[in-house]
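Q: The sequence and its predicted three-dimensional model are supplied below.
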Amino acid sequence: MSMFLYSAASKLSDYTMTREQMALMPLLTPIANITVWLLPATEITIAIVLFFHQTRKAGLYTATILMFLFTIYITYMMFFYPSLPCSCGGLLDVLSWPGHLIFNGVFIALGILAIKTHNKINYEHNKK
């Protein structure tokens with residue numbers, strides 16, 4: 001939750017810079033004006049969904065899938081546009097593209113672990 005809220009707040013707090021960086025991204029250029037709002041809104045929504053027990057499972061899957069999609073995008077950027085800046089916001093701006101891959105890999109692994117743990121806890125709880 002914290003990572004998504006931090007990322008969204010970073011993007012929104014420096015809206016102009018985020019929009020300019022997104023406009024430089026080859027895949028985002030045509031939709032940068034929409035993405036600059038849609039991405040932080042999605043991140044905030046995921047954080048809210050993760051907060052509530054009734055929706056946490058969906059939030060864990062959504063968060064993990066989103067991190068996986070970000071990883072595919074980063075891999076694409078590494079191969080075709082390695083010198084372009086990241087529009088991630090906050091402390092993540094200082095990471096290189098390979099650093100982003102490591103960061104995302106850690107959060108994908110944590111997401112998978114959280115899903116398995118959540119499923120196990122629910123299984124044990126329902127078994128009683």
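A: That came through, no problem.
Q: What distance do you get for the one residue sitting closest to the centre of the chain to Tyr73?
A: Compute the mean C-alpha point of the chain, and by CA atoms, centre = their mean the closest residue is Met67, 4.8 Å away. Distance of Met67 to Tyr73, given as CB to CB, to the nearest Å: 11 Å. C-beta coordinates here come from the backbone N, C-alpha and C atoms, glycine included.
Q: next one: Ser7
A: 14 Å.
Q: Mind checking which of these two has more residues around it?
A: Ser7 (22 against 15; other CB atoms under 10 Å).
Q: So which bits of whatever helix or strand the more buried one lives in are buried?
A: Here Ser7 sits within helix 2-13, counting by DSSP states H and E. Under the neighbour-count criterion of 16 or more other CB atoms under 10 Å, helix 2-13 has 3-8, 10-12 buried.
Q: Give me the angle between the longest helix seen in the chain and helix 2-13.
A: Criterion DSSP state H: the longest helix present in the chain is helix 97-127. Helix 97-127 and helix 2-13 meet at an angle of 130 degrees, taking axes from the mean of the first three to the mean of the last three CA atoms, to 10 degrees as the criterion.
Q: Remind me what helix 97-127 packs against, helices and strands.
A: Packing partners of helix 97-127 (3 or more CB pairs under 8 Å, 6 or more residues apart in numbering; DSSP states H and E): helix 56-80.
Q: chain center to the helix it packs on: distance?
A: Mean-position distance between helix 56-80 and its chain equals 6 Å (CA atoms, centre = their mean, to the nearest Å).
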